[in-house]
Structure formats: structure tokens, C-alpha cells
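Visitor: Need the 3D shape of this:
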Amino acid sequence: MLPSDHRRPSAESAPALDSSASEPDFKVDWEAHLEALPCATWIGNPTGGSVFINQAYRRILGVHSLDEVQGDRWNKHIHPDDRNSYVKAWERFMNGLSSRFKESVRWVRPDTGQTVRIVVRAQRLLCGQLQGWIRTAAAEQALAKLEKLTYVRR
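Guide: Model (predicted):
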């Protein structure tokens, strides 16, 4: 199940619906939205299990299916030298000791064995589910430079 904290229009502002029409499929809308993002994006259930990964996630991290990162299977792809500290930080986040998660870690791609530095961010949605974004460290640095270049003082 994907995030359900979307806001439906009020009855007064919503257009009249055909009574024979079925309820809109918001899951498809969320998937389309998340697939359009250029960064790796995932949705997790309240206990941390992944329920959705987008195509950018598969491409950037070298993962072919959701099953490869389901449960705690993702942690075997964390570089062994980074794994312990990363898992501890994730557990602090999952135990509610921080409202947002951001860690830089080396990821070993399961498809090529290549190591890539990534930055993982996550937060809890209003419905309790998790949403996370992953970028390569290079993309994160480029974004930071772009933000500095485009910043205009008022």
C-alpha cells in the first residue's frame, strides 16, 4: 500500500462523479509521481519494509526487484566497513529517536559489484509509512553547488 495521506477535495469543490464510476486508484497516481522522479525513491511500511521502489532506484543501485531489498536484505549491499554505523543510525530513526534520516554510505551494487557512494534520506509520512530518497554522492554535491549558484540574496 502506498501513502494514503493525500488530500481529497471537499464535496463542495469536487466535480460531480458518475455514480457508476469506481473509486479513483490513488496507488497508480503515487506510482506515476514517484516514477517521474530522477532520484532513487522508495516507500516503506511503518516497520521499515519496502513496499515500492522506482526505476531510478533500480538503475542507480543495481537492484532488479523489490525482493532484493525486502526486509533487512538491503543491508548486505552496504559496504562492510559502513554497515554497522549505518544500521545503528537506521535503528535510531526507526525507534523514533530522530524524525528524519540522512546518512552517506558506500553501496555495493548487486549487479556489477561496483561500489558507489550514496546519500540516503528518509522521513515518516503522516500515515506512518516511510518515504526515502537516494542520490549518488556526486549528484548530491552537484545539487548543493547548483543551489549555491542559484541562491539570490534579498
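Visitor: Report the secondary structure state of the spatially most central residue of the chain.
Guide: Compute the mean C-alpha point of the chain, and by CA atoms, centre = their mean the closest residue is residue 132, 2.4 Å away. Following DSSP: H, G, I helix; E, B strand; the rest coil, the label given to residue 132 is strand.
Visitor: Begin at 169, not 1, for the rest of this chat.
Guide: Taking 169 as the first residue, the last one we looked at is residue 300.
Visitor: Just give the closest residue to it, not the sequence neighbours.
Guide: Among residues not flanking residue 300 along the chain, residue 290 sits closest, at 3.9 Å (CB to CB, 6 or more residues apart in numbering). Any C-beta I mention is one placed from the backbone N, CA and C, and that applies to glycine too.
Visitor: Now do the buried residues in the helix or strand that neighbour falls within.
Guide: Taking DSSP states H and E as the criterion, residue 290 maps to strand 283-292. Across strand 283-292, burial judged by 16 or more other CB atoms under 10 Å covers 284, 286, 287, 288, 290, 292.
Visitor: on that earlier part again, residue contacts, the residue nearest to the centre of the chain?
Guide: Taking CB atoms under 8 Å, 6 or more residues apart in numbering, we find residue 300 in contact with 209, 210, 211, 212, 269, 288, 289, 290, 291.
Visitor: tell me which residues of the helix or strand containing residue 253 are tucked away?
Guide: Taking DSSP H and E as the criterion, residue 253 maps to helix 248-262. For helix 248-262, burial by neighbour count (16+ other CB under 10 Å) applies to 250, 254, 257, 258, 261, 262.
Visitor: Tell me which residues are up against it.
Guide: 215, 216, 243, 246, 266, 268, 269, 271, 273, 274, 290.
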